[in-house]
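Novice: Here is the input, now give the coordinates:
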Amino acid sequence: NTFKSEDNEPVAVIMNAWYMWEKWHWPPSKCIIPHMVSIHYADHDLANQWEGSPLQYEALEGLGGDYFRTYQPVGCRDYFTVEQLQKKGIEAYFSGCVTLTLPQMPKKQLEKEYICVVDCDARVSQKIQEDLQDSGIEIKYVTHKRKERDPDRSWEERKKEVEELLTLYRNAKCVIANRLHCVLPCLAQETPVLLVKVKTDDIRFSPYYDFLHWTTVKDFLKGNYDFNFLNPPENKPDYKEVREKLIKSCTDFVNRMGKITDSIEELNKFTYTDAEIHEWQFKLMDLTLHKWLYMMRERDEERKETQIQNKNKQNSLKKELKDIKKQLKEMTEQKISLEKENEKWLDFVCACRKGQPLNKEYDIIIGNVADDDVFKTVDMYFRGLWDKEKVLGELRYYKMNNQICIVNQETLDRVITFKRAYEVENNGR
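Specialist: Residues are numbered from 1 along each chain as shown. Alright, predicted model coming up:
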């Protein structure tokens, strides 16, 4: 909303984006002449993006909705956004995502065939590695994750990075991914692609499931999918009509705007004054601050209650753990302790993942649990995406949970004593 063009000239903008963050900056600057296509609009709660704005659809009320209505119909990249805008009286239709229109990169002569595995669940990556172990096909592990947003990167840097990534996908035998903005560009590149999702209720993926070969992580691990990595099927053709219409829509807009010599005042259809816009934005920001304050208070109360519960549990577990450790110290069994030994622990975990039976060399293994974000970090090292120094640096910031693994049954029988068993009822079952 603060953008100013050089010499006050009108700027034609294809408005494809995910609109969720600082919504009080809506509507855009008057020097922007918008082409409303490929828009996704969601609230932070629904999108599980807690750092986003607590506003939901308040920005579509009054002046904010009038901006959409001024330049309607609005092309949306998913059915969910179509429904939300239509509920607010805004004319909307499904346009598809603009990443479907990406130009095809050149084909290269390859010395060795490869497939790309992009930000998949670690169990999926492991299964693919096992299935292709003797195939002679290289597996390239790729991530779209960035440690932090970098708004200062130049257009040339961004363009170069995108072209390199698209060229990688274009020349792959196939791509396996869970990211929308990987699988849709692969459709545009005509590279066979398989979507593997943990959950299937992501509002951004409708109707793209109909365009794709896809499966869930659960079914993939069971082998319940129809996609041969060695001889991958062609992509479904369902997306092509959407792609061609969107290319025409954007091309026509660019060509039309390129011929126009009118001023901003002549082209701008939004009739609200600057004072009216600033007043509306101020009220929206004020509403945001009140919502944030209320949310923070609620979360603080929940956090305090959780801390009390966790402290009680921790005290109980610490006592039990202390008793177990005391017993373990008195034993003569072969044991290894990796507590506070991150480098040794990392080597041990990776060796076990490679199938080396190190766990069979000991009766007792003590060390940190490789779960949640810890496991994701270790997996980056295991797949060769990060070096050891980077991983160890990242691990310093995680609060890691300790565990004791008793491998020897005789030792287990001496340490663990059966006390009682009881049945837990859930909804009468």
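
Novice: burial of T411, as a residue count?
Specialist: Per other CB atoms under 10 Å, the neighbour tally for T411 reads 18. Glycine gets a C-beta too; all of them are placed from N, C-alpha and C.

Novice: Counting by contacts, list what the helix or strand harbouring it packs against.
Specialist: Assigned by DSSP states H and E, T411 belongs to helix 409-415. Applying 3 or more CB pairs under 8 Å, 6 or more residues apart in numbering; DSSP states H and E, one finds that helix 409-415 contacts helix 274-329.

Novice: Give me the distance between the helix it packs on and the centre of its chain.
Specialist: Put simply, helix 274-329 sits 23 Å off its chain's centre (CA atoms, centre = their mean, to the nearest Å).

Novice: And the average pLDDT for that helix is what?
Specialist: Averaged across helix 274-329, pLDDT comes to 81.

Novice: which helices and strands sit right next to it?
Specialist: Judged by 3+ CB pairs under 8 Å, 6+ apart, helix 274-329 is in contact with helix 62-70, strand 402-406, helix 409-415.

Novice: can we see that at 10 Å?
Specialist: Contacting helix 274-329 under the criterion 3 or more CB pairs under 10 Å, 6 or more residues apart in numbering; DSSP states H and E are the following elements: helix 62-70, strand 335-337, strand 364-368, strand 402-406, helix 409-415.

Novice: pLDDT averaged over the second one - what is it?
Specialist: In this model, strand 335-337 has a mean pLDDT of 64.

Novice: Then stretch 177-188?
Specialist: On average, stretch 177-188 scores 95.

Novice: Could you check how far it is from the centre of its chain?
Specialist: Relative to the chain's own centre, stretch 177-188 is displaced by 12 Å; criterion: CA atoms, centre = their mean.

Novice: how about the strands of the stretch 101-250 of the chain, start to end?
Specialist: Here the stretch 101-250 of the chain has its strands, by DSSP state E, counting those that start in this stretch, at 114-118, 138-142, 175-177, 193-197, 213-216.

Novice: Which positions in the second one come out as buried?
Specialist: Read it as strand 138-142. 139, 141-142 (16 or more other CB atoms under 10 Å).

Novice: returning to what we had before: to V349, which of the strands of the stretch 101-250 of the chain lies closest?
Specialist: Comparing these by their distance to V349 (CB to CB), the top pick is strand 138-142, with 17.4 Å.

Novice: Between strand 114-118 and that closest one, find me the angle.
Specialist: Strand 138-142 and strand 114-118 are oriented at 30 degrees to each other (axes from the mean of the first three to the mean of the last three CA atoms, to 10 degrees).

Novice: ok, strand 138-142: who's next to it in the sheet?
Specialist: Looking at strand 138-142 with DSSP bridges, its partner strands are strand 114-118 (parallel).

Novice: residues in contact with the partner strand?
Specialist: With CB atoms under 10 Å, 6 or more residues apart in numbering as the test, strand 114-118 has contacts from 124-125, 128-129, 132, 135, 137-144, 165, 168-169, 171-179, 181-183, 186, 191-194, 196, 229-230, 232, 383.

Novice: Show the buried residues in the residues you listed.
Specialist: 124-125, 128, 132, 139, 141-142, 165, 168-169, 171-179, 182-183, 186, 191-194, 196, 229, 232, 383.

Novice: Run through this protein and note the low-pLDDT ranges.
Specialist: Residue ranges of the chain with pLDDT under 70: 20, 43-53, 147, 325, 327-341, 358-359, 372-373, 397, 415, 424-429.

Novice: rewinding a little: and the helices and strands packed on helix 274-329: which comes nearest N255?
Specialist: For the helices and strands packed on helix 274-329, proximity to N255 was assessed by CB to CB; helix 62-70 is nearest, at 22.1 Å.

Novice: Which strands or helices does the helix or strand just after that closest one pack on?
Specialist: Counting by DSSP H and E, the next helix or strand C-terminal to helix 62-70 is strand 74-76. Judged by 3+ CB pairs under 10 Å, 6+ apart, strand 74-76 is in contact with strand 39-41, helix 79-87, strand 92-94, helix 240-258.

Novice: could you redo the last one with a cut-off of 7 Å?
Specialist: strand 39-41, helix 79-87, strand 92-94 (3 or more CB pairs under 7 Å, 6 or more residues apart in numbering; DSSP states H and E).

Novice: Pick the most deeply packed of those.
Specialist: Of all those, strand 39-41 carries the top mean neighbour count, a mean of 23, counting by mean count of other CB atoms under 10 Å.

Novice: Outside of it itself, list whatever touches it.
Specialist: 15-19, 74-78, 81, 84-85, 204 (CB atoms under 7 Å, 6 or more residues apart in numbering).

Novice: related to what we said a few turns ago, could the helices and strands packed on helix 274-329 go into a markdown table alongside distance to E423?
Specialist: A markdown table is the format used below for those (distance: least, CB to CB, whole Å):
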| stretch | distance to E423 |
| --- | --- |
| helix 62-70 | 55 |
| strand 335-337 | 35 |
| strand 364-368 | 32 |
| strand 402-406 | 26 |
| helix 409-415 | 24 |
